[in-house]
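> Sequence first, predicted model second:
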Amino acid sequence: RKLIYRDRKLTNEFVSATSSAERILGRASNGEVFASSSGSEGIVGPGFKTTTTEIEANVFFRKNGIDGPLVSPVDDTYAGIYQRSNLTVTFNQTMNVESINFNIPSFIPTNADLYTLRVYPENNITSSQSLNLFFMDIRKNTTVKEIVNYLRERNVTYVKVGITDIDGIIRGKYMHVDKFIKSVKEGFGFCDVIFGWDSSDELYSFPNNKEKPFTGWHTGYPDQLANVVIGTGRNNYFEGNTPLFLAELKDGQVCPRGVLKRVLQRLESINLLARASLEYEFFLFKETSETIRKKKYKNLNNFTPGMFGYSILRSSVHAELYQEILSMCSSMDMDLEGLHTETGPGVIEAAISVDEGLASADKASLFKTFSKILAQRHELMATFMAKWSPDFPGQSGHLHHSLWNKNGTSAFYDGSEMHGMSKTMKHFLAGQLQLLPKVLPMIAPTINSYSRMIKGFWAPTNANWGIDNRTCAMRVIAGSPKSQRIE
């Protein structure tokens, strides 16, 4: 992971900062980074060649909680305590710090609080400066007070707030920080039309429906009370000091997040918890939103030609894009367990790391939205539709599920049973198979979804199951207590 601080107009006040000083340097992939210098000279001091416009230095990160010397080693005597990296300080023409560039060691977790950084000049190992790096992770803010403090301390002016609609699309808006803080405490009004139209903003019409829909002309599309979901705050990868929060309707009868919460509450009432992970396949095109409309969605230029699943060659040729996908997901707390090319021209598959039920759904919704954002910023278009062309394989979303007891043990695993399948897992599987036709409208919600469900095209056409069998609707993945699950 690399921290790159660009276009920072840090003044000489910072350059000569004391140990009590605290200045924002920039933003890391795992949170904001603050630096406080323990040396009276600050980060730019003796031996740092301040007469040049760029400085190379060695830096060492010391793991917290490990006994060791307070000075960085010049050999491997203290391997595992320190890790060497490289630091470059660049100055602008007025000799103010313009950028600071160094690598974060892999041992630093995303929830790190404090690590000590010792900086040594390239040619002078005896003179050093020490920095404490505080990784201020917005994901740790789980109370209203913590959120308010976080926003105030960082001089946040605007916050982006999003609600997932029926089609899994995040709809939202910017809020001034004052309104947002009030909304965190009291809720806020959000137009319920997002639950009354489709992905193209075409209003739903049910002329023969005996029951009135949730919203429509008969209601006037009023505001519904929405609540900011505490604990969903994220660094907004593309917008610097404008964090992102998710919200949900207080009355969750049509709000997808609210529906899932109710289901999980029913599950918890029988002393079970759900964990899930989603995999998404998506096509990339060398197109823009303007060009695809001019072409009427035909004869599109694929990101890469031909079939080449699991290609190291292609992911290496386009490494910058793949690395940015990984960095974005890590930054926004939706780490990917795997990322690779899939069979098809320009197809990528991403597997989001497992999490508890509600969080996994949040991450899935965020991934689809922000993957499209990243693609468009690279003048590409990403589509998750099931079958964009009859000439190529379709693409799917794979749902990995498992149930857990409240004591943290797997409810799906029983080592005494064949394939480790517990009685609970067998019942879960049987229920899924029996009700799959009725659940199908939720997992195959569009006409296009059924274009993919053709025999021989890697899509399930029957309610069946098998052990590690990718041709079935339900793939039982038998393994250890930690990995036993159904896809």
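Perfect, thanks for sending it. Numbers count the residues shown, from 1 in each chain.

> Can you give the distance of stretch 426-441 from its chain's centre?
Centroid separation between stretch 426-441 and its chain, computed with CA atoms, centre = their mean, to the nearest Å, is 29 Å.

> for it, which positions count as buried?
Judged by neighbour count (16 or more other CB atoms under 10 Å), stretch 426-441 contains these buried residues: 428-429, 432-433, 436, 440. No exception for glycine: its C-beta is placed from N, CA and C like everyone else's.

> same deal with stretch 224-231?
224, 226-229, 231.

> export those residues to TSV and tack on pLDDT and secondary structure?
Converted to TSV, the buried residues of stretch 224-231 look like this (pLDDT from 0 to 100; DSSP: H, G, I helix; E, B strand; the rest coil):
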residue	pLDDT	secondary structure
Gln224	95	strand
Ala226	96	strand
Asn227	96	strand
Val228	97	strand
Val229	95	coil
Gly231	91	coil
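
> quick one: which of those is nearest to Thr446?
Gln224 (25.0 Å; CB to CB).

> Counting neighbours, what do you get for the closest residue to that closest one other than its chain neighbours?
Distance criterion CB to CB, 6 or more residues apart in numbering; nearest residue to Gln224, sequence neighbours excluded, is Asp192 at 4.5 Å. When neighbours are counted by other CB atoms under 10 Å, Asp192 registers 21.

> Likewise for the one 3 residues further on?
When neighbours are counted by other CB under 10 Å, Phe195 registers 22.

> one step back: can the buried residues of stretch 426-441 go into a markdown table with extra columns for secondary structure, pLDDT and distance to Asp178?
Below are these laid out as a markdown table (DSSP: H, G, I helix; E, B strand; the rest coil; pLDDT from 0 to 100; distance: CB to CB, whole Å):
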| residue | secondary structure | pLDDT | distance to Asp178 |
| --- | --- | --- | --- |
| Phe428 | helix | 97 | 47 |
| Leu429 | helix | 97 | 51 |
| Gln432 | helix | 94 | 47 |
| Leu433 | helix | 95 | 52 |
| Leu436 | helix | 92 | 48 |
| Leu440 | helix | 88 | 46 |
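
> coming back round to it: so the residue nearest to Gln224 sits against Ala226, correct?
No. Under the criterion of CB atoms under 8 Å, Asp192 is not in contact with Ala226, lying 9.4 Å apart.

> residues contacting Gly216?
Applying CB atoms under 8 Å, 6 or more residues apart in numbering to Gly216 gives the contacts 196, 203-204.

> Make a PyMOL selection of the buried ones in the residues you listed.
A single PyMOL command selects the buried members of the contacts of Gly216 (16+ other CB under 10 Å):
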select buried, resi 196
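
> Please name the residues that touch Asn271.
Going by CB under 8 Å, 6+ apart, the list of residues near Asn271 reads 405-406.

> 6 Å - rerun?
Neighbour list for Asn271: Lys406 [criterion: CB atoms under 6 Å, 6 or more residues apart in numbering].

> now Asp158, nearest residue through space, not along the chain?
Actually, residue 158 is Tyr. It isn't Asp. Closest to Tyr158 by CB to CB, 6+ apart is Tyr174, at 4.8 Å.

> Which residues does whichever strand or helix holds that neighbour contact?
Using DSSP states H and E, Tyr174 sits within strand 170-176. Under the contact criterion CB under 6 Å, 6+ apart, strand 170-176 has outside partners 158-165, 194, 365, 369.

> between these, which is closest to Asn464?
Ser365 (29.0 Å).

> OK, contacts around Phe206?
Phe206 touches Pro213, counting by CB under 6 Å, 6+ apart.

> Surely it forms part of a strand?
No. Using DSSP: H, G, I helix; E, B strand; the rest coil, the assignment for Phe206 is coil, not a strand.

> Could you report the separation of it from Gly216?
Using CB to CB, to the nearest Å, Phe206 is found at 8 Å from Gly216.

> Just name whatever secondary elements the very next helix or strand once past the strand holding Tyr174 is in contact with.
Once strand 170-176 ends, the next helix or strand along the chain (criterion: DSSP H and E) is helix 177-186. Using 3 or more CB pairs under 6 Å, 6 or more residues apart in numbering; DSSP states H and E, the elements in contact with helix 177-186 are helix 144-153.

> For the helix it packs on, list every residue counted as buried.
Quick answer for helix 144-153 (16+ other CB under 10 Å): 147-148, 150-151.

> hmm, back to that, any chance of TSV for the contacts of strand 170-176, columns neighbour count, distance to His340 and pLDDT?
Formatted as TSV, the contacts of strand 170-176 follow (neighbours: other CB atoms under 10 Å; distance: CB to CB, whole Å; pLDDT from 0 to 100):
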residue	neighbour count	distance to His340	pLDDT
Tyr158	17	36	96
Val159	25	35	97
Lys160	17	30	97
Val161	26	33	98
Gly162	18	28	97
Ile163	23	32	97
Thr164	25	27	95
Asp165	20	30	93
Ile194	23	34	94
Ser365	22	22	95
Thr369	17	21	96
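
> In helices only, show me these.
Judged by DSSP state H, the subset of those located in helices is 365, 369.

> JSON lines please, covering the contacts of strand 170-176 and showing distance to Lys294.
Formatted as JSON lines, the contacts of strand 170-176 follow (distance: CB to CB, whole Å):
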{"residue": "Tyr158", "distance to Lys294": "34"}
{"residue": "Val159", "distance to Lys294": "36"}
{"residue": "Lys160", "distance to Lys294": "31"}
{"residue": "Val161", "distance to Lys294": "34"}
{"residue": "Gly162", "distance to Lys294": "30"}
{"residue": "Ile163", "distance to Lys294": "32"}
{"residue": "Thr164", "distance to Lys294": "31"}
{"residue": "Asp165", "distance to Lys294": "28"}
{"residue": "Ile194", "distance to Lys294": "28"}
{"residue": "Ser365", "distance to Lys294": "30"}
{"residue": "Thr369", "distance to Lys294": "25"}
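
> How much space separates Lys372 from Gly168?
Taking CB to CB, one finds Lys372 at 12 Å from Gly168.

> biggest separation within the buried residues of helix 144-153, which pair?
Most distant of the buried residues of helix 144-153, by CB to CB, are Val148 and Tyr150, 7.3 Å apart.

> Next, find the distance separating Gln253 from Ile166.
12 Å.

> likewise Arg377?
27 Å.

> Among the two, which residue is more densely surrounded?
Just comparing Arg377 and Ile166: by other CB under 10 Å the higher neighbour count belongs to Ile166, 19 against 10.

> Report the spatially nearest residue to that one, omitting neighbours in sequence.
Here the residue nearest Ile166, using CB to CB, 6+ apart, is Phe195, at 5.9 Å.

> Cheers, nothing more for now.
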